[in-house]
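In: Model the following, please.
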Amino acid sequence: MDLGELLDTGAITLRVHAASKRQALNIVAEIAARHLPATAAEITSKLLARETLGSTGVGHGVAVPHARLKGVDRMHGVFVQLDAPIEFGAVDEQPVDLIFALLAPADHPAEHLRALAKVSRALRQADLREQLRQARSADAVRALMVREAGPKAA
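Out: Down below sits the predicted model:
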């Protein structure tokens, strides 16, 4: 699985305003609902339920909210670049401006964990985070993620 397979350009939104974590997750859910057999309210509910277990703010201004949903046939990603960082309860206590949400089939927990690991590993790279912050189009974000998931030089 590569990051490009997870992320359609229609699921990438840049320079979005959100005043809170809840509002940011609502935005993610609205975007996801356009591509999934679930309502925005259902998706928001699942994402918020996951946040009660511990923040998905992984540090360096990045959050990777995730949920498993019935009726979803494969992994889906949603990428949101916020216009200003928001409090997200991140592990490093820094506000978040890059959100890469993962929505997984309810019955494929191993695939869900592999995707989480891949996204988290990619977004740990400072240069990629900076390039994502500078990106000005959905195509540019997707190209960065596809490049990141591609083969590495030896």
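In: What are the phi and psi values at the closest residue in space to residue 80 that isn't next to it in sequence?
Out: Leaving out its chain neighbours, the residue that sits closest to residue 80 by CB to CB, 6 or more residues apart in numbering is residue 99, at 4.4 Å. In short, each C-beta sits where N, CA and C put it, glycine included. Dihedral pair for residue 99: phi -120, psi 120, per degrees, to the nearest 10.
In: Tell me which residues touch residue 99, please.
Out: By CB atoms under 8 Å, 6 or more residues apart in numbering, the contact set of residue 99 is 24, 28, 62-65, 78-82.
In: So in terms of bridging, what pairs with it?
Out: Assessed by DSSP bridges, residue 99 has beta-bridge partners residue 63, residue 80.
In: quick one: the helices in this protein?
Out: Per DSSP state H, the chain carries helices over the ranges 3-6, 21-33, 40-51, 109-123, 126-134, 138-149.
In: now for the fourth one, which elements pack on it?
Out: If I follow you right, that is helix 109-123. Judged by 3 or more CB pairs under 8 Å, 6 or more residues apart in numbering; DSSP states H and E, the packing partners of helix 109-123 are helix 3-6, strand 66-69, strand 96-105, helix 138-149.
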